[in-house]
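Participant: I need the structure of the sequence given here:
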Amino acid sequence: MASLDSLDQLLHEELKDIYDAEKQLTKALPKLAKKATASELKDAFQGHLRQTEDHVGRLEQVFEMLGVPARAKKCVGMKSLLAEGDEMIGEAEDDAARDAVMIAAAQKVEHYEIASYGTVRTWANLLGKTDIAALLEDTLEEEKEADQKLTGIAESFVNEAAAEEGGARRTSATRSGRNVAADRGSRGKGRGVTRPRSR
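Facilitator: As a prediction, the model looks like this:
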């Protein structure tokens, strides 16, 4: 029974962690939606914000069913993922590249949440809390759908557009470099070592 009590504590602690993670995400998603260039991506972020707000409410329902107050414990994992995403987004120069980076950052977050919800769902089932497990399963499925939607947007046009923009920039830089080299070559002609005249 001790192991089940321990698992019960783990469930409570992990729920507090996820609760904070979802709250952090409700603040991050509007910023991502504002920065997104592609309308499909903007809509996806806005749609997932509404879902995330539902996830927060669902977790509060879970806490109530457990008979404990809805308290958050600082989720360092989510904080680090969001900080890393912000840094990468800040370094992206092109609109398409920025969209691609935002999708990558958002999918890291989704995978983190999928792992977290999968864990607490399993623990809840093991503890016989099947009604709670069912609620967590609903959120888990929505997180998976969000991840798949982002993959669809990335593969349909965003990644290709980012590759084209990057390729165009590299081609332009290469051409510019060749022109400089050609100019140097032409300027160098006639200014080399003067050959002595034959007598």
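Participant: Please make it C-alpha for all contacts and neighbour counts, starting now.
Facilitator: Noted.
Participant: Go through whichever helix in the chain runs longest and flag the buried ones.
Facilitator: Counting by DSSP state H, the longest helix found in the chain is helix 2-35. Under the neighbour-count criterion of 16 or more other Cα atoms under 10 Å, helix 2-35 has 7-8, 11-26, 28-30, 32-33, 35 buried.
Participant: quick one: low-confidence parts of this protein?
Facilitator: 1-5, 166-199 (pLDDT under 70).
Participant: In the protein, what residue spans correspond to helices?
Facilitator: Going by DSSP H, the chain shows helices at 2-35, 39-66, 76-91, 95-126, 130-153, 159-188.
Participant: and the fifth one with helix 39-66, angle?
Facilitator: Helix 130-153 runs at 170 degrees relative to helix 39-66, counting by axes from the mean of the first three to the mean of the last three Cα atoms, to 10 degrees.
Participant: got the contact list for helix 130-153?
Facilitator: Helix 130-153 has contacts (Cα atoms under 8 Å, 6 or more residues apart in numbering) with 40-41, 44, 48, 51, 55, 58, 62, 65, 103, 107, 110-111, 113-114, 117-118, 120-122, 124-125.
Participant: could you redo the last one with a cut-off of 7 Å?
Facilitator: By Cα atoms under 7 Å, 6 or more residues apart in numbering, the residues outside helix 130-153 that reach it are 41, 55, 62, 103, 107, 110, 114, 117, 118, 121, 124, 125.
Participant: Give me the buried entries from these.
Facilitator: Of the members of the contacts of helix 130-153, the ones counted as buried by neighbours, 16+ other Cα under 10 Å, are 41, 55, 62, 103, 107, 110, 114, 117, 118, 121, 124.
Participant: out of everything not next to it in sequence, what's closest to residue 42?
Facilitator: Here the nearest residue to residue 42 in space, its sequence neighbours aside, is residue 33; by Cα to Cα, 6 or more residues apart in numbering that works out to 4.6 Å.
Participant: Next one: that neighbour from residue 49, what distance?
Facilitator: Taking Cα to Cα, to the nearest Å as the measure, residue 33 falls 9 Å from residue 49.
Participant: Tell me which residues of stretch 66-77 come out buried.
Facilitator: The neighbour-count criterion (16+ other Cα under 10 Å) identifies 70, 72, 75 as the buried residues of stretch 66-77.
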